[in-house]
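Visitor: prediction below, plus the sequence it came from.
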Amino acid sequence: MNKQPPELHPLHAPFEALDNTRLFGVVDATLKRPAQMVHELMHGKEWKSTAALLFILLFCLAAIGAIMGSFSGGAQLWAAPLKIAAGTLTSALICMPSLYILLCLSGGGQSFPQVARMLLLGLTLAGILFIGFVPVAWIFSQATESVVFMGILYLLVWGIGLFFGLRLMKQSLEFLNKKSLGTLGLWTAIFSLVLLQMSTTLRPIIGKHEPLQFGEKKFFLMHWGETLNPREQDYGTTDEHR
């Protein structure tokens, strides 16, 4: 009888220490051997690995913002990277308490800093994947002047990266707790909504640079509707001044 190949763990075992803790080694392990990254973040050189992941994440977010800002140029070349990085990290900080509480309610045994490191690992993978798709988005940015189309394209690409990144976070926590954690699916939905709202709060990220307007409250679905139908927004403004 032929031997059946062993079932691979979602984290791609072995669960052991990481040999190369330099930046490229961390990127390679995050993509190919995430179990080793989880081991480093839990039992190895926690702070060194955390610092490496944070640096990689910030670099990816800044690079993504620079590419998005290049669509319009000008002040967006520095404003878009700052908004992308600040918005992502702020959203993570806002949602961290709820992630920890839901994990505890599901029987998770990790501490708050350990859960934060798992989230950082997931966001770093999302950033790396986004960087991988950015050249494709850049090609389209050179062929169109439509802010709406580029916004949809970047949302799609970011959604793909976020899906795999948060899935890695969920798999890591389930691996550590040796049980399914269904409540993390609920948290993923909450975090995604916060990110979408943050992108509206910090608008515009794509398009001509404008000063931030924190006093103007707007739900992201309303903002999308106005962006897709600019005439309705103009008519609304005209009616207000009649």
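Guide: All right, it came through fine. Residues are numbered from 1 along each chain as shown.
Visitor: gap between Ser180 and Ala126?
Guide: 22 Å (C-beta to C-beta, to the nearest Å). Using the backbone N, CA and C atoms, a C-beta is placed for each residue, glycine as well.
Visitor: so which of these two has more stuff around it?
Guide: Neighbour totals were compared for Ser180 and Ala126, and Ala126 leads with 26 against 11 (other C-beta atoms under 10 Å).
Visitor: how much space between that one and Leu102?
Guide: 20 Å.
Visitor: buried sites along the host helix or strand of Leu99?
Guide: Here Leu99 sits within helix 76-105, counting by DSSP states H and E. Buried residues in helix 76-105, counted by 16 or more other C-beta atoms under 10 Å: 76-77, 79-81, 83-85, 87-89, 91-92, 95, 99-100, 102-103.
Visitor: what angle sits between the very next helix or strand once past it and helix 76-105?
Guide: Per DSSP H and E, the first helix or strand lying C-terminal to helix 76-105 is helix 112-141. Here helix 112-141 runs at an angle of 140 degrees relative to helix 76-105 (axes from the mean of the first three to the mean of the last three C-alpha atoms, to 10 degrees).
Visitor: mind giving me the packing neighbours of helix 112-141?
Guide: In terms of contacts (3 or more C-beta pairs under 8 Å, 6 or more residues apart in numbering; DSSP states H and E), helix 112-141 is packed against helix 23-32, helix 34-43, helix 46-69, helix 76-105, helix 147-177.
Visitor: what about it, average pLDDT?
Guide: Averaging pLDDT along helix 112-141 gives 88.
Visitor: equivalent analysis for stretch 75-84, please.
Guide: pLDDT averaged over stretch 75-84 gives 80.
Visitor: next one: stretch 145-154
Guide: Stretch 145-154 comes out at a mean pLDDT of 77.
Visitor: how about stretch 24-41?
Guide: The pLDDT scores in stretch 24-41 average 88.
Visitor: any residues touching that stretch, and which ones?
Guide: 9, 11-21, 46, 49-50, 52-53, 56, 114, 117-118, 121, 124-125, 128, 168, 171-172, 175-176 (C-beta atoms under 8 Å, 6 or more residues apart in numbering).
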